[in-house]
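A.B. asks: quick one, structure for this:
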Amino acid sequence: MRRRQFILLAGVTGIVPPEVRSSTVQESGRFDEIAKLISAKMAEHHIPGVAFGVLKNGQITARGFGVTNVDDPQPVTPETVFPIASISKTVAATALMTRVRQGRVDLKSPVRRYLPEFRVQDEIVSREVMLWHLLTHTPGWEGQLTAEDRGTDTLNFFTAGLRDLPQLASPGSVWSYNNTGFGVAGRVIEAVTGKSIHEALRELVFAPLGMSRAFSRTGEAMTYRFAVGHRQQQGQPGVIRPFDLSTNVTAGGVATTVDDLLRYAAFHLGDGIGAQGKLVLSRALLEQMRTAQLRKNSTDDEMGIGWQLRRINGVLTAAHGGTLGGHCLHLQLVPDRNLAFAILTNHTDGWRLIQDVERATLRSYEGLALKPNQPIGHRGVNEAMTAHASPLTKQPSLEAYVGRYRRPPVGTVEVREQDGKLVVTNQTGGETSNTTIVFYGPDVAYAIAGSYTGMPMEFVRNQTGAVGWIRINGRIAKKADI
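C.D. replies: A predicted model of the protein is given here:
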């Protein structure tokens, strides 16, 4: 039976319940130590609610902390629904792989095989860009485009609106986090199933995997206990209103619970058999999704099919994070160690907790830790370098990096030298930020002052060896004179 009394948690706000434990499994000492860390980080970063769960050797331990909503405080439990934002991309990839298993989809086929009217500004790219490019974030165009809500016609309308979208890179050449590409992938799912994306995800993923509390419509998700998003307002967390799940469903529009998310993780670590005992994906296709398709230029991280890959002490991890409307979230698989874990938060600063809890979980359960100055890439949620990186003693010549970089149609980036360091001015979506960066390795840097101190940035070189792109928070801008 769950305790329902309330206690005060210093540093959050108002009335907060104690953590709510899942009663299905025995809590381990390691889990309890991480739970203490979560409580401490919630207080430090003013995060109202967290759901955390670990899947180890087939056994799930899950716990809720804090409240769903500071204005109407209900305890977070393992059954509380959170938007999972960009973790939805792995769901979209899983759905497409079920069609691959049935021979209805070939990832190396052009998008036009399934969407004959598809086009972007470059006609050659329009003909040749493949599903594989969409699922590996390498179609080469701007990725942060918004889908206008048109009901069941949303993804069709969104895809048709890309006709004037220019290229920033040739397909497959430069990794750049790409919601736009996953929106097109969602439209392909609709085309090959003959169903809306909502129906398709339910029939291809949610129902077969037994995810009874997984949704892609706001109106459904909000009928269950729901963790609303918060941001810091006058020194206290305040609710962000209004809230809607992303209309670009396959890029970031799924909501579910930590329990169901760990069932999903168990499927991906398993043999492809669903909740009803039927084959959903072959083990080979699941492994293909976790197999490196390419390296994220200038970093040690790689990209699978939907999953973001990183090796820590030589051990493969497959992960995805997400950020949406005051929520920050993370799901990670460690296949060789039969481990998965999920961290769900309901605050814009939740990424600060996530990075500490992720690293503590890997260290506590498996003794894994990033190497000093290991070049890491964006995985769908902010991640600071300051915990494991330090500047190079001898910084490189800065001249090659200076210049103006473009991200049509969303913004520009200016890189200039000032007092022996690079200052990056990022103008995106009507907002401007200034950041001073230092290099911690070849072509990899991080912010030491200004917006998002600690955020990694990468410079990517073209085939001639010249700097051709800057990548900020996973998104590229192309150098104007290249």
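
A.B. asks: so the chain: which segments form each domain?
C.D. replies: 1-378, 399-479 (automatic domain parsing).

A.B. asks: now those in JSON lines, with mean neighbour count and distance to Met385?
C.D. replies: In short, each C-beta sits where N, CA and C put it, glycine included. As requested, these are arranged in JSON lines below (neighbours: other CB atoms under 10 Å; distance: least, CB to CB, whole Å):
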{"stretch": "domain 1-378", "mean neighbour count": "20", "distance to Met385": "7"}
{"stretch": "domain 399-479", "mean neighbour count": "18", "distance to Met385": "4"}
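
A.B. asks: need the outlier residue of this structure, farthest from its centre.
C.D. replies: Summary for the chain: using CA atoms, centre = their mean, the residue whose C-alpha lies farthest from the chain's mean C-alpha position is Asp419, with a distance of 35.1 Å.

A.B. asks: check what pLDDT that residue gets.
C.D. replies: Reported pLDDT at Asp419 in the predicted model: 92.

A.B. asks: before we move on, what about Ala449?
C.D. replies: Per-residue confidence (pLDDT) for Ala449: 88.

A.B. asks: quick check: it touching Val438?
C.D. replies: No - applying CB atoms under 8 Å as the test, Ala449 and Val438 come out as separate, 9.6 Å apart.

A.B. asks: what sits against Ile312?
C.D. replies: With CB atoms under 8 Å, 6 or more residues apart in numbering as the criterion, the residues that contact Ile312 are 362, 368-370.

A.B. asks: so which of those comes closest to Gln276?
C.D. replies: Leu362 (32.9 Å; CB to CB).

A.B. asks: residues touching Ala384, list them.
C.D. replies: Shown here is Ala384, whose contacts under the criterion CB under 8 Å, 6+ apart are 352, 355, 446, 452-455.

A.B. asks: er, Lys296 actually
C.D. replies: Taking CB under 8 Å, 6+ apart, we find Lys296 in contact with 175, 302-303, 377-378, 458.

A.B. asks: identify the bridge partners of the closest residue in space to Thr428 that isn't next to it in sequence.
C.D. replies: Residue nearest to Thr428 in three dimensions, not counting chain neighbours: Gly411, with 3.6 Å by CB to CB, 6 or more residues apart in numbering. On the basis of DSSP bridges, Gly411 takes part in beta bridges with Arg407, Thr428.

A.B. asks: residues contacting Gly411?
C.D. replies: The contact partners of Gly411, by CB under 8 Å, 6+ apart, come to 426-429, 477.

A.B. asks: for the contacts of Ala384, work out which two are farthest apart.
C.D. replies: Within the contacts of Ala384, Arg352 and Tyr446 form the most distant pair, 15.3 Å apart (CB to CB).

A.B. asks: now the residue nearest to Thr428: how far from Arg404?
C.D. replies: Taking CB to CB, to the nearest Å as the measure, Gly411 and Arg404 are separated by 11 Å.
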